[in-house]
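A.B. asks: Please find the sequence and the predicted model below.
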Amino acid sequence: MLHPEAAKIWTALRDHRQTLEGVTTRDLFSRDAQRFAEFSFGFEDVLVDFSKNRVSRDTLALLLSLARASCVEIRRDEMLRGDPINTTENRSVLHTALRAPADADIRVEGRNIVPDVHEELARCYAFADAVRSGAIRGATGDRITDVVNIGIGGSDLGPAMGARALSPYADGPRPHFVSNVDGADMADVLARLDPARTLFLVSSKTFTTIETMTNAGSARRWIAKALGETAVGSHFAAISTNIVAVEAFGISKDRMFRFWDWVGGRYSMWSAIGLGLMIAIGPERFAEFLAGGHEVDVHFATTPLERNIPVLMGLVGIWHRNIMGYAAHAVLPYDQRLGRFPAYLQQLDMESNGKHVHLDGTPVEGSTGPLVWGEPGTNGQHAFYQLIHQGTDVIPADFLIAAEPHEQGMGDHHAILVANCLAQTEALMHGRTQEEAKAVLTAQGLPPVKIELLAPHKQFAGSRPTTTIAYRKLDPRMLGRLVALYEHKVFVQGVIWGINSFDQWGVELGKELASRLLPVVKGASAEALDASTRGLVAHLRGLAR
Ligand code: F6P
């Protein structure tokens with residue numbers, strides 16, 4: 001499966017690792033006065049600084065030849081023009097078409113799909129405007145004040161992450177999100193709402209997902225109980241590719257918004273799946289979000305690989321995962337409203353690149369996608385950063401920071417946030433030698449015996465890799481850019497690993513087994529189950545009242 005040229009470069013990269021043995025990132029900075037300038041890449045008002053990763057110019061050169069030998073440019077162009085690169089499902093992969101301008105021409109099976117995209121977007125915008133203005137009301141004539149998106153995975157994480165990220169721009173009905181089949185999720189949201197003023201958006205690409213269908217059924221009963229069965233139609237809308245199932249649920253065609261099977265669930269927040277976000281922030285701002293994504297598409301499609309930010313993000317990640325063997329990747333936004341961004345990226349990255357076979361079905365010999373996780377700074381600093389600084393595993397991290405906060409007149413809050421973000425990346429890169437630790441302890445006047453005891457604990461290895469993404473402000477356009485940057489990063493890595501980043505068969509087995517177990521949990525015979533599962537069923541049944 002590996003292209004012979006790529007195979008040679010993998011070997012060269014492994015050899016090259018030896019040349020960095022014993023070289024710290026500090027050394028790399030002191031050897032190269034231009035390092036920051038050489039390893040930082042600008043795009044609009046975004047700067048992505050890779051200089052604190054332990055990579056040299058030679059490392060980048062080798063990684064770039066790996067990208068070329070792995071046909072990243074060819075695969076990118078295939079994706080962008082609509083070739084069916086999702087080979088296991090024989091589908092095109094065209095989330096980029098969802099943010100393309102109206103005069104673009106992108107073809108699926110010979111047909112330009114851009115007019116369909118814009119037609120559906122216009123329907124969504126008209127619906128969002130009508131809900132926001134009060135032209136669309138509940139069955140009792142009350143204005144809609146709360147919109148609940150019912151969906152899971154890609155039909156939840158994007159709009160939920162976006163609604164939180166862009167809350168300073170929200171001037172429409174309040175957005176809520178129910179995803180978990182745990183009834184607590186729905187119950188907690190409903191407890192705050194008035195049925196007469198609530199609109200539900202049932203978001204599901206397939207319209208068969210058990211969590212979403214169960215939650216939608218409960219919401220339907222809640223409305224029917226409070227306002228009568230005839231009110232249901234006025235309090236629901238649906239977003240799906242499965243028009244037949246939506247109609248069967250009882251949602252009329254004019255409240256049904258579609259997207260297409262060439263949009264993967266985890267790539268769908270740009271489509272009608274973003275309706276909850278559109279209603280919250282309004283169509284104009286949603287259009288800015290799309291424009292930000294499109295700017296990155298143009299950058300990805302046209303910028304030479306040497307300056308192509310998502311390509312470089314992908315390549316530095318390949319270095320960490322495959323050459324250095326780092327298994328995890330942290331995403332640490334110093335932006336409280338990006339609190340759900342790591343969770344969003346978990347699906348984007350781990351569902352896309354958590355794969356064990358190449359496109360032709362042969363096993364992958366090295367490693368594919370890392371474990372992606374994170375929390376906003378500075379909170380994470382007081383929880384898990386200790387492990388990132390001094391733990392035995394190296395965890396590369398992305399730090400995200402805005403120059404401007406939304407909150408004005410709050411004194412030093414933002415300056416302290418920025419200082420902390422920069423201080424963490426500095427500390428992770430710089431570390432502290434035992435000698436330096438001893439000098440600090442000596443200056444504090446500690447006795448020599450205490451200094452000897454404490455110095456190893458106060459030593460930091462340093463050279464812990466970080467990438468900083470610095471931008472002006474988290475506005476809709478910037479959020480669009482951020483999401484698209486990571487989408488293309490994930491794509492680049494998938495191409496280099498030679499895997500299909502656009503299917504998700506691994507999730508299916510659990511779904512199948514859950515359907516088989518449901519009757520057992522409800523009382524059917526557990527005989528056919530394995531001993532552990534049978535034992536657990538018996539225990540839970542015994543405890544349940
Ligand atoms: O978790 C598997 C998955 O298929 C995701 O890929 C998808 O985003 C999610 O379930 C929800 O699927 P649907 O939108 O069809 O309800």
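C.D. replies: Done, it's in.

A.B. asks: Residues of the stretch 201-350 of the chain that sit close to the ligand?
C.D. replies: Within reach of the ligand by CB under 6 Å from any ligand atom, the stretch 201-350 of the chain has these residues: 204-206, 209, 212, 265-266. Quick note: C-beta positions are derived from backbone N, CA and C, even for glycine.

A.B. asks: at 5 Å instead, please
C.D. replies: By CB under 5 Å from any ligand atom, the residues of the stretch 201-350 of the chain that approach the ligand are 204-206, 209, 212, 265.

A.B. asks: mind putting these in TSV, secondary structure, neighbour count and pLDDT included?
C.D. replies: Shown next, in TSV, are these (DSSP: H, G, I helix; E, B strand; the rest coil; neighbours: other CB atoms under 10 Å; pLDDT from 0 to 100):
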residue	secondary structure	neighbour count	pLDDT
204	coil	29	95
205	coil	24	93
206	coil	14	92
209	coil	20	93
212	helix	26	96
265	helix	25	97
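
A.B. asks: Now the two most distant members of the residues you listed.
C.D. replies: Pairwise distances across these (CB to CB) peak at 11.2 Å, for the pair 212 and 265.

A.B. asks: Can you tell me the closest non-neighbouring residue to residue 264?
C.D. replies: Closest residue to residue 264 apart from its sequence neighbours, by CB to CB, 6 or more residues apart in numbering: residue 502 at 5.3 Å.

A.B. asks: for residue 152, what are its contacts?
C.D. replies: 179-180, 204, 209, 211-212 (CB atoms under 8 Å, 6 or more residues apart in numbering).

A.B. asks: Tell me, how many residues neighbour the residue nearest to residue 264?
C.D. replies: The tally of other residues near residue 502 (other CB atoms under 10 Å) stands at 23.

A.B. asks: Check residue 478 too.
C.D. replies: 22.

A.B. asks: helices or strands up against the helix or strand containing residue 510?
C.D. replies: Using DSSP states H and E, residue 510 sits in helix 506-521. Where contact means 3 or more CB pairs under 8 Å, 6 or more residues apart in numbering; DSSP states H and E, helix 506-521 is packed against helix 210-227, helix 531-543.

A.B. asks: Other residues contacting that helix?
C.D. replies: With CB under 8 Å, 6+ apart as the criterion, helix 506-521 contacts 210, 351, 354-355, 526, 529, 533, 537, 540-541.

A.B. asks: Format these as JSON lines; extra columns: neighbour count, distance to residue 498 and pLDDT.
C.D. replies: Shown next, in JSON lines, are those (neighbours: other CB atoms under 10 Å; distance: CB to CB, whole Å; pLDDT from 0 to 100):
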{"residue": "210", "neighbour count": "13", "distance to residue 498": "33", "pLDDT": "94"}
{"residue": "351", "neighbour count": "22", "distance to residue 498": "18", "pLDDT": "98"}
{"residue": "354", "neighbour count": "18", "distance to residue 498": "15", "pLDDT": "98"}
{"residue": "355", "neighbour count": "21", "distance to residue 498": "10", "pLDDT": "98"}
{"residue": "526", "neighbour count": "18", "distance to residue 498": "42", "pLDDT": "92"}
{"residue": "529", "neighbour count": "17", "distance to residue 498": "38", "pLDDT": "93"}
{"residue": "533", "neighbour count": "14", "distance to residue 498": "36", "pLDDT": "94"}
{"residue": "537", "neighbour count": "17", "distance to residue 498": "41", "pLDDT": "94"}
{"residue": "540", "neighbour count": "10", "distance to residue 498": "43", "pLDDT": "94"}
{"residue": "541", "neighbour count": "13", "distance to residue 498": "46", "pLDDT": "92"}
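
A.B. asks: Is it correct that residue 84 is in contact with residue 92?
C.D. replies: Yes - under the criterion of CB atoms under 8 Å, residue 84 makes contact with residue 92 at 5.3 Å.
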